[in-house]
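> My questions are about this predicted structure, shown below with the sequence.
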Amino acid sequence: MAEDLVRVTELGLYCQAGDFYIDPWRSVNRALITHGHSDHARSGSAAYLANTNSKGILRLRLGDEAKIETVDYGVPIVIKDATVSFHPAGHILGSSQIRIEHKGQICVVSGDYKTQKDPSCQPIEPVACHTFITESTFGLPIYRFPSPEIIAAEVNEWWQANAKAGKISILYAYSLGKAQRLLMSVNPDIGPIYTHGAVEALNAVYRGCGVKLPPTTYAGDVRKEDIERNALVVAPPNAQDSLWSRKFGKTSEAFASGWMRVRGARRRRSLDRGFVMSDHADWQGLTETIAATGAERVLVTHGYTPPLVRYLTDLGIDAHALETAFKGEEGDDKSEAVALSEAAKADADSMPQSADDKHVDQNSGGES
Amino acid sequence: MKAFVELYQNIDRTTKTGEKSQALVNYFNQVSSSDASWAVFFLTGRKLRRLAPTALLKQLTIDLTGLPQWLFQECYDNVGDLAETMALLLPEVSEGSLDVDLTEFVESYLLVLRNLDDSATAAHLVDTWSKLSLDQKFIFNKLITGGFRVGVSQQMVTKALATVSGIDANVVAHRMMGNWEPSAQWYEQLIAQETADAMASTPYPFYLAYPIQEEVDTLGDIADFQIEWKWDGIRAQIIKRDGQVFIWSRGEELISERFPEIMTAASRLPNGTVLDGEILAWSEGDVLPFALLQQRIGRKTVGKKLLSEVPCIFMAYDIMELAGQDIRQNSMSDRREKLLSVLMPGQCDVAPSCRGTLSEHLRISGELQANTWEELAAIRLDSRKLKVEGLMLKRRDSVYGVGRKRGDWWKWKINPLSMDAVLVYAQRGHGRRASLYSDYTFAVWQEGKLVPIAKAYSGLTDEEMKSVDDYVRKNTLEKFGPVRTVKPGLVFEIAFEGIQNSPRHKSGIAVRFPRISRLRPDKPIEEADTLDQLRGMLEVYGK
Ligand SMILES: [Zn+2]
Ligand SMILES: [Zn+2]
């Protein structure tokens, strides 16, 4: 077995042939970024390379000083001894799988991906490879996501019913990606759409890339007495229970996340509705994508790692767990576990809020 | 079925009691009497038994999904609920959902299973699943595996029915207790305007005391109160009607067979008598530890050995029915007089002044004498020695009410710093306990939500710890490293030394040195304490 083209180091996932890191969690000389979510794009590196559509997002996240180069999907570039190209991952705008070729060996790092339709970004294109490094956020067969059309209809129905009852609809969704995807699925004829500042900033970036979002108004610009009762408000999950949401008076609150598939997670968020919508692949999406790459070796990270590894192994694939960024960054399992149990003690709702965006490794430790 | 699924969704989606109640009212207004009867049956936690073996359900799901056994188990461990796990895994159907009413659904899809052998059952299940939507599958699976608790309490159902029918909630509660078979006729009787219909076995709703949170002398004149020990056993009700005896627990369970000595004693009561009291393990004039009593609760039938090792008595508190008359509206002092006359009817040979008791297994909770609150406080200090929980203070002019109401009946526990809380997180212990989930986080209610309030890890016996460990493993909702989120289901009594404000905690309250006093398997989680009750304690003790 030849050595893998990438390996985990203290700084992050490293490719020796090209002397670069992918989504590093410490400062490095050259960072290739799969997408703009904060657990993938961290500031402090000397130079960044990402897909063209990620530029605005990275600029917002990494600051004006960051040195960001971009490349279009599918265009091969040579970095030292490696040939690298970016390919759509269907996760959010600009999200990429990174293909690395060196001496006839091909390795693809998936970043985060989904297979469902999403009008706010390009659909995933599975890339043939020898080694596939896959995420596994929803790596259990209980995660089977309904079609986006069904969820859109549910959201619209909920909004419509609230509007009729004079209740503001507050929809909590991660501000990068999920929010814009939802904005494109709702029916803007129902009422005005207000947004949280974090969402509105990213809306501007999306519009700048030519994504046709419906008109939205930054909620901060609306005076309390001018709030229309048939409005939809889109805000990031951490705005729940904050002073911010109180200005809307009578509301119905909902959360859009893949975790909402399971009743316990829905109930513990204590919201009025949970919509099952994720920017990650569900079980079927994961297994189908892995099969489509034809990879004989699969490294699993970022989620329900052990069951997916075992499942793939049973299929005859050379599958292994790849240590995740969280462990590398936060120390060993134990310190993470202690932090979590502190959270458990202090706050019932803090844990399930680790929704799509945070990727807490839910399956780590404890059982092995 | 459509309406019932909608009801489930409306209840399940919200945490607001008002919205749940409205959903119940809407449902009962909309469906047939027969459907309503089945809804009441399920919503109050009643179960259809012997429908299909769990192992068969699991195996069928595995076969239909083609998943390996271990992966099914992994999913189950994550979801924490078998019915839901199966619903989430089973193939989804495209052509939508089955549209039959609840009664037909129960009869044609559930009850029919009782008459089928395993292979016919399997075929029936596969066929049914192929017709159901996700939520329908969840409900169907829940009804098969028993237990359909969806976040409404019996009291909420009772109130909704009272609203729908316009009759008193007491009457509805009264009619809803006991054993019954759902039918249109039963439901019509349930909401019937004519209310003199109690069946022989129907118990009364229990009246519950409210914990004292202010200084006791704010209650007024001590002479207005009848004062008793607060016994620490199982609250129960004895009914003697038409020559039959029934013993009901507060959890609305018929527990007659478990206490044959009390049954025998109660058979001497006159017909048309209903008593409220506490079942205690009792030997030679003394209460036995609660743990021993639990052995008796745990068995459906009692062997000779256990019967002689853990003899039980009924400590009577009150009488609700005499000579077939509901006397709950009579005053406490009048009911007390009647209770004495029923239980001590004869003259005693030894001391003519003392009236003889009916049976040594039917005792009367004695009235304590104190002229001032200070005197009573001194008496209360004996509680621990006597293995009682403290004192009960009942207004002499109080009626026997329904549920827990502030004002007439008070409990003045010895350690007022104690709460009933629900287990929500569990973590592995250290050292000797490293293999067990032995460190727990407990929560209390606030507006329908459980708010974590304390962490504790001592106080259980090894045996109890094992049983909790087993519960944790079978009811894990989520895992975060060594921490598991546990499906709310276990209530613990937590004792603690102090209570203070703590802005750091979501609850706003921190308790000092919390420890587990005991498991409360007899308590439904809905009856765990509320954050408001703790705030009340904070007012008194937090300064
Ligand atoms: Zn992401
Ligand atoms: Zn991610």
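On my side now, so go ahead. Residues are numbered from 1 along each chain as shown, chains lettered A, B, ... in the order given. Ligands and ions are numbered 1, 2, ... in the order given.
> Please verify my assumption that B:Lys240 contacts B:Ala266.
Yes: here B:Lys240 reaches B:Ala266: they are 5.8 Å apart, a contact under Cβ atoms under 8 Å. Bear in mind the C-beta positions are built from the backbone N, C-alpha and C, glycine included.
> Which residue is the nearest non-sequential neighbour of B:Val287?
B:Lys387 (4.5 Å; Cβ to Cβ, 6 or more residues apart in numbering or on different chains).
> what residues are up against the residue of the stretch 201-350 of chain A found nearest ligand 1?
With Cβ to the ion as the measure, A:Asp279 is the residue of the stretch 201-350 of chain A nearest to ligand 1, at 6.7 Å. The neighbourhood of A:Asp279, defined by Cβ atoms under 8 Å, 6 or more residues apart in numbering or on different chains, consists of A:His91, A:Ile92, A:Asp112, A:Lys114, A:Asp118, A:Tyr174, A:Gly177, A:Lys178, A:Arg181, A:Asp356.
> Return the nearest residue of chain B with respect to ligand 2.
Across chain B, the shortest distance to ligand 2 (Cβ to the ion) belongs to B:Phe480, at 17.4 Å.
> what about that residue, how many neighbours?
By other Cβ atoms under 10 Å in any protein chain shown, the residues close to B:Phe480 number 26.
> That one bridge partners, please.
For B:Phe480, the beta-bridge partners are B:Val483 (DSSP bridges).
> In which helix or strand does the residue of the stretch 301-450 of chain B found nearest ligand 1 reside?
Closest contact between the stretch 301-450 of chain B and ligand 1, by Cβ to the ion, is at B:Tyr425 (27.5 Å). Using DSSP states H and E, B:Tyr425 maps to strand B:418-428.
> ok and the helix or strand following that strand relative to strand B:418-428, angle-wise?
Once strand B:418-428 ends, the next helix or strand along the chain (criterion: DSSP H and E) is strand B:437-446. Orientation of strand B:437-446 against strand B:418-428 (axes from the mean of the first three to the mean of the last three Cα atoms, to 10 degrees) gives an angle of 140 degrees.
> Just the CA atoms of strand B:437-446, as PDB, please.
Only the C-alpha atoms of strand B:437-446 are listed here, as PDB (Å, rounded to 0.1, in the frame of the first residue of the first chain):
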ATOM      1  CA  TYR B 437     -23.300   5.400  33.800                       C
ATOM      2  CA  SER B 438     -23.300   6.600  37.300                       C
ATOM      3  CA  ASP B 439     -22.900  10.400  37.100                       C
ATOM      4  CA  TYR B 440     -26.200  12.100  36.400                       C
ATOM      5  CA  THR B 441     -27.600  15.500  35.500                       C
ATOM      6  CA  PHE B 442     -31.100  16.200  36.600                       C
ATOM      7  CA  ALA B 443     -33.700  18.600  35.400                       C
ATOM      8  CA  VAL B 444     -36.900  20.200  36.600                       C
ATOM      9  CA  TRP B 445     -39.800  21.500  34.500                       C
ATOM     10  CA  GLN B 446     -40.200  25.000  33.200                       C
END
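> hmm, it touching chain A?
Yes: taking Cβ under 8 Å from any Cβ of the partner chain as the criterion, strand B:437-446 and chain A are in contact, through B:Thr441, B:Ala443.
> Kindly report the same for stretch B:508-527.
No: Stretch B:508-527 is not in contact with chain A by Cβ under 8 Å from any Cβ; minimum separation 10.0 Å.
> Go through that stretch and flag the buried ones.
B:508-511, B:514, B:516-520, B:522-527 (16 or more other Cβ atoms under 10 Å in any protein chain shown).
> just checking, A:Tyr73 touches A:Cys121?
No: between A:Tyr73 and A:Cys121 there is no contact under Cβ under 8 Å: 11.1 Å.
> Give me the more crowded residue out of these two.
Neighbour count, other Cβ under 10 Å: between A:Tyr73 and A:Cys121, A:Cys121 has more, with 24 against 17.
> That one belongs to a helix, doesn't it?
No: if the criterion is DSSP: H, G, I helix; E, B strand; the rest coil, then A:Cys121 is coil and not within a helix.
> got the contact list for it?
Counting by Cβ under 8 Å, 6+ apart, A:Cys121 makes contact with A:Asn53, A:Pro88, A:Gly90, A:His91, A:Ile92, A:Leu93, A:Gly94, A:Ser95, A:Gly177, A:Arg181, A:Val211.
> where in chain A is pLDDT low?
A:1-2, A:241, A:268-270, A:323-368 (pLDDT under 70).
> element containing A:Val205, please.
Using DSSP H and E, A:Val205 falls in helix A:197-208.
> Can you list the neighbours in contact with the helix or strand following that helix?
Next helix or strand after helix A:197-208 toward the C-terminus (DSSP H and E): strand A:217-218. Residues from elsewhere that reach strand A:217-218 (Cβ under 8 Å, 6+ apart): A:Pro192, A:Ile193, A:Tyr194, A:Thr195, A:Gly197, A:Glu200.
> residues making contact with the helix or strand just after strand A:217-218?
Downstream of strand A:217-218, the first helix or strand assigned by DSSP H and E is strand A:232-235. For strand A:232-235, contacts defined as Cβ under 8 Å, 6+ apart pick out A:159, A:168-173, A:175, A:179, A:182-183, A:186, A:190-196, A:198-199, A:216, A:219, A:244-245, A:248, A:251.
> just to revisit the earlier point, what's the overlap in contacts for A:Tyr73 and A:Cys121?
Counting by Cβ under 8 Å, 6+ apart, the shared contacts of A:Tyr73 and A:Cys121 are A:Pro88.
> Pull out the buried residues from the longest helix seen in chain A.
Scanning chain A for the helix with the most residues, using DSSP state H, yields helix A:148-164. By 16+ other Cβ under 10 Å, the buried positions in helix A:148-164 come out as A:Pro148, A:Ile151, A:Ala152, A:Glu154, A:Val155, A:Asn156, A:Trp158, A:Trp159, A:Gln160, A:Asn162, A:Ala163.
> Domain ranges for the chain, per the record?
By default, I'm working from chain A. A:6-142+A:279-330, A:148-277 (automatic domain parsing).
> Chain B, not that one
Taken from automatic domain parsing, chain B resolves into B:2-145, B:207-413, B:417-541.
> Please identify which of those domains is closest to B:Gln193.
Among the domains of chain B, the nearest to B:Gln193 by Cβ to Cβ is domain B:2-145 (14.4 Å).
> Nearest to ligand 2, out of the buried residues of helix A:148-164: which one, please.
A:Pro148 (19.9 Å).
> List the residues that contact that closest one.
Residues in contact with A:Pro148, defined by Cβ under 8 Å, 6+ apart, are A:Gln116, A:Lys117, A:Asp118, A:Ser185, A:Met277.
> Surely the first one and A:Gln284 touch.
No: counting by Cβ under 8 Å, A:Gln284 is not a contact partner of A:Gln116; they are 10.2 Å apart.
> what about these two, which has more around it?
Neighbour totals were compared for A:Gln116 and A:Gln284, and A:Gln116 leads with 20 against 14 (other Cβ under 10 Å).
> following the helix or strand where B:Ala55 lies, which helix or strand comes up?
Per DSSP H and E, B:Ala55 falls inside helix B:54-65. Where DSSP H and E defines the elements, the next helix or strand beyond helix B:54-65 is helix B:69-79.
> quick one on the thing from earlier: so which of the contacts of A:Cys121 is the most crowded?
In terms of neighbours by other Cβ under 10 Å, the contacts of A:Cys121 top out with A:Ser95 at 33 neighbours.
> Pick out the residue of the stretch 101-250 of chain A closest to ligand 1.
For the stretch 101-250 of chain A, Cβ to the ion, closest residue to ligand 1: A:Asp112, 3.6 Å.
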